[in-house]
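Colleague: After the sequence you'll find the predicted model.
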Amino acid sequence: MLAFDGVRIACVLVGLGVLAGCTNGGSSGGPGTPAAGGPTYHRDVKPLVDTKCGKCHAEGGVGPFALTTYEEVNAMRGAVEAAVVAKTMPPWPLDNDCNDYLGDRSLSDEQIDTIKRWIADGAPEGNPADAPVAVVDNAETLSRIDLELPIPEAYTPKISPDDYHCFFVDWPAQETTYITGLGVEPGERPIVHHVIAFVAKPDKIADFQALDDAEPGVGWTCYGGPGGGPSSAGWVGAWVPGSTGADYPEGTGIEIPPGSKLIVQMHYNTLSAAPVPDQTKLLVRTDKTVEKKAAIMPFTKISWVTQQTMTIPAHTSDVVHEVTADPTAYLSLATGGALPSNTAVNIYSGGLHMHTRGKSSSLQHVRGGAEQCLLDIPSWNFHWQGSYRLKTPTRFEPGDQLHLKCTWDNPEMYDINWGEGTNDEMCLGTVYVTE
């Protein structure tokens, strides 16, 4: 439903450093003879690959190679095995012991074992007529499209391999409207790594116009976020490769006043595809009314931002910064006035954000001294970020607290602190909440 800057939610099975040594891994390959009762490609493996990987690993997809036929999967079987055994693919960085989530992309241990046994048996193709095993597709979907909003003009990435660029998109409604779902149609799918949408309300537009005016061409560079200050733009939602967009929780939506502008942050990656002009567009579901106003609330320690107290010393490992606080006291400020302060909210989903030196992060709900785990990412990767929807929303009462914890390694020769730049860091949580 939402995501963070730097998201690499592409179903890329392995990094380039793995590919060269893995394409001929596993068994010597070939159609093989199925072991008695053993897995075959058409019956057991193809359904897994189609459901969990095929949305990205298809011709023209963001994945660096296709996995749509037996020949393609067999040729990459070693890379496939290495990635699924390490649980780096499909990308799902959460520790599932923390909570129960919707949209889980990960493979179960049983599914991983199926792929391993198939490769160990010589990757037998089997009979295409065999009935495939059932694989549940947990991906959330966008039920309808009311607005199609392209970025203002085609843009060719200029920074390699990762270019983070923000664009204004005019909001057409002349009355208050609610965004109740979001999707994206990439203009050039092989280079579009993620898209994040923010809303700048009328009184905040000038903050971002200054950034746009200061940089030649359309839009502006926006590595750590859209800029303009920590409360200038509200989160609206995001898209990641492989997704078809998603509705927000039933009966909820994010308010967009007339005269607002959306800000679209594009993350382009040209590691495996040449930069070409792209004009991606947002696919938006809207409603005139909702049962519950929603907002995406950021949570962090204010002194980290305003007083630079989140120091990560040079040449250090396992540096921890954490904060425990009740955000309902400043709920109105944090949500741009969407929700009043000192009131209870329902937490539907959440995400975590650090930059490139992050090691791990977690977010807990604290009540009466007891902690309920909301999110836990034990092995941080800046390029694999996202938002995660809880199967059961959590009720957060005034007096409850959120506990945010981040860990870093800093191998550099200089101290690092909070900031928007490539060489800075952050420790930020966000939660999608309703009244």
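Modeller: Everything's here; your move.

Colleague: looking at this, residue 212 is in a helix?
Modeller: Yes - counting by DSSP: H, G, I helix; E, B strand; the rest coil, residue 212 is found in a helix.

Colleague: tell me the contacts of the closest residue to it other than its chain neighbours?
Modeller: Distances taken as Cβ to Cβ, 6 or more residues apart in numbering place residue 220 nearest to residue 212, at 5.1 Å, with adjacent residues excluded. For the C-beta atoms, the positions are set from N, CA and C on the backbone; glycine is no exception. Shown in contact with residue 220 (Cβ atoms under 8 Å, 6 or more residues apart in numbering): 165-166, 208, 211-212, 214, 227.

Colleague: tally of neighbours for the nearest residue to residue 52 once chain neighbours are set aside?
Modeller: Leaving aside its sequence neighbours, residue 52 sits nearest to residue 90 (Cβ to Cβ, 6+ apart; 4.7 Å). Residues lying near residue 90 (other Cβ atoms under 10 Å) number 23.

Colleague: Going forward, the N-terminal residue is numbered 40.
Modeller: Renumbered: residue one is now 40, and that last one reads residue 129.

Colleague: and residue 129, what element?
Modeller: Here residue 129 sits in a region with no helix or strand, counting by DSSP states H and E.

Colleague: That one reaches residue 144, doesn't it?
Modeller: Yes - the pair residue 129 / residue 144 is scored as a contact, 4.4 Å apart, by Cβ atoms under 8 Å.

Colleague: Now list whatever residues contact both of these two.
Modeller: By Cβ under 8 Å, 6+ apart, the residues touching both residue 129 and residue 144 are residue 91.

Colleague: related to what we said a few turns ago, by neighbours, which of the contacts of residue 259 wins?
Modeller: Going by other Cβ under 10 Å, residue 205 tops those with 27 neighbours.

Colleague: Just list the residues touching residue 322, thanks.
Modeller: 181, 184, 186-187, 221-224, 284.

Colleague: of the residues you listed, closest to residue 378?
Modeller: residue 221 (19.5 Å; Cβ to Cβ).

Colleague: Which residue, other than its chain neighbours, is closest to the closest one?
Modeller: Take residue 221 and drop its neighbours on the chain: the residue closest to it by Cβ to Cβ, 6+ apart is residue 276, 3.8 Å away.

Colleague: Please identify the helix or strand for the one you found.
Modeller: Per DSSP H and E: strand 273-278 holds residue 276.

Colleague: Each with direction, which strands does that strand pair with?
Modeller: Strand 273-278 has its sheet partners listed here by DSSP bridges as strand 231-239 (antiparallel).

Colleague: For residue 368, give me phi and psi.
Modeller: The phi and psi torsions at residue 368 (degrees, to the nearest 10) take the values phi -60, psi -30.

Colleague: Neighbours of residue 337, how many?
Modeller: Neighbours around residue 337, by other Cβ under 10 Å: 19.

Colleague: what's the closest non-adjacent residue to it?
Modeller: residue 469 (5.2 Å).

Colleague: So what are the sheet partners of the helix or strand containing that neighbour and their directions?
Modeller: Per DSSP H and E: residue 469 is located in strand 467-473. Strand pairing for strand 467-473, determined by DSSP bridges: strand 331-338 (antiparallel), strand 384-392 (antiparallel).

Colleague: and it, how far out from the chain's middle?
Modeller: 14 Å (Cα atoms, centre = their mean, to the nearest Å).

Colleague: Tell me the spacing between the most centrally placed residue in the chain and residue 151.
Modeller: The chain has residue 425 as the residue nearest its centroid, 2.3 Å off, counting by Cα atoms, centre = their mean. To residue 151, residue 425 is 21 Å away according to Cβ to Cβ, to the nearest Å.

Colleague: What's opposite residue 410 in the beta bridge?
Modeller: residue 405.

Colleague: in terms of contact, does it touch residue 403 like I think?
Modeller: Yes - shown here, residue 410 and residue 403 form a contact pair, counting by Cβ under 8 Å, at 4.4 Å.

Colleague: More neighbours: those two, which one.
Modeller: residue 403 (20 against 13).

Colleague: what about stretch 184-201, distance to the chain center?
Modeller: With Cα atoms, centre = their mean as the basis, stretch 184-201 stands 18 Å off its chain's centre.

Colleague: That one - what's its average pLDDT?
Modeller: On average, the pLDDT along stretch 184-201 is 94.

Colleague: and that stretch, which residues are buried?
Modeller: Neighbour counts over stretch 184-201 (16 or more other Cβ atoms under 10 Å) mark 186, 188, 190, 194, 196, 201 as buried.

Colleague: List the contacts of it.
Modeller: Contacts with stretch 184-201, where a contact means Cβ under 8 Å, 6+ apart, come from 45, 202, 204, 206-209, 211, 222, 224, 226, 230, 232, 256-258, 260, 301, 303, 305-310, 314-325.
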